[in-house]
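1. sequence first, then the predicted structure:
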Amino acid sequence: MAYDPNNVFAKILRGEIPCKKVHESRHSLAFHDINPLSPIHVLVIPKGAYVDFDDFSARASAEEQADYIKAIGDTARVVGAEKGGYRLLSNCGVNANQEVPHLHVHIFGGRLLGRMLKKDGE
Ligand code: AMP
């Protein structure tokens, strides 16, 4: 899928719409999800134009990839998610119901999160 420069996270990166920033590094930005699903719900995005994890892992430089991994862990610590534990989730494409076509990792925490997925047929 081609990158859409009008997606909402691209607008946040350009400063066209606000976000509640949690953490920033050279290649990554983290902010609170606008519709939190758990007491801690933060999104971490790369600053580069990558549609999803597949695109990022194929095209991003080693420096961007290392920065992004570190930014995710650093962000979790900024919000204290590491104390009780947390879940990372990144929806990639149609099967995963990805809504915003700019790579983002969700950090969920602050409560027991239950099993990660229902089994087929449940
Ligand atoms: P996904 O289904 O993984 O693409 O999730 C997209 C996430 O982006 C959802 O959890 C939304 O609540 C969140 N979201 C959408 N617009 C904004 C925004 N302007 N600021 C922060 N989070 C947003």
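-> It's in.

2. which helix runs longest in this protein?
-> When the chain is parsed with DSSP state H, its longest helix is helix 62-78.

3. in space, what's closest to residue 113 - neighbours in sequence excluded?
-> Distances taken as CB to CB, 6 or more residues apart in numbering place residue 87 nearest to residue 113, at 5.2 Å, with adjacent residues excluded. Every C-beta, even on glycine, is put in place using the N, C-alpha and C of the backbone.

4. now the helix or strand hosting the one you found: mean pLDDT?
-> For residue 87, the element it lies in under DSSP states H and E is strand 86-89. Strand 86-89 shows an average pLDDT of 98 in the prediction.

5. how far out from the middle of the chain is stretch 105-112?
-> Here stretch 105-112 is found 11 Å from its chain centre; the criterion is CA atoms, centre = their mean, to the nearest Å.

6. buried residues, that stretch. List them.
-> For stretch 105-112, the neighbour count (16 or more other CB atoms under 10 Å) marks 105-110 as buried.

7. looking at those, spot the one nearest the ligand.
-> Closest approach between the buried residues of stretch 105-112 and the ligand, by CB to the nearest ligand atom: residue 106, at 6.3 Å.

8. so who does the closest one touch?
-> The contact partners of residue 106, by CB atoms under 8 Å, 6 or more residues apart in numbering, come to 33, 41-43, 87-90.

9. re earlier: make CSV out of the buried residues of stretch 105-112 and add distance to residue 67 and secondary structure.
-> CSV is the format used below for the buried residues of stretch 105-112 (distance: CB to CB, whole Å; DSSP: H, G, I helix; E, B strand; the rest coil):
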residue, distance to residue 67, secondary structure
105, 13, strand
106, 18, strand
107, 16, strand
108, 22, strand
109, 22, strand
110, 26, coil
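
10. re the thing from before, any of the contacts of residue 106 buried? List them.
-> For the contacts of residue 106, buried by 16+ other CB under 10 Å: 33, 41-43, 90.

11. filter these down to the ones close to the ligand.
-> With the criterion set as CB under 6 Å from any ligand atom, the members of the buried ones among the contacts of residue 106 near the ligand are 33, 43.

12. quick revisit: and the strand holding residue 87, what does it pack against?
-> Applying 3 or more CB pairs under 8 Å, 6 or more residues apart in numbering; DSSP states H and E, one finds that strand 86-89 contacts strand 105-109.
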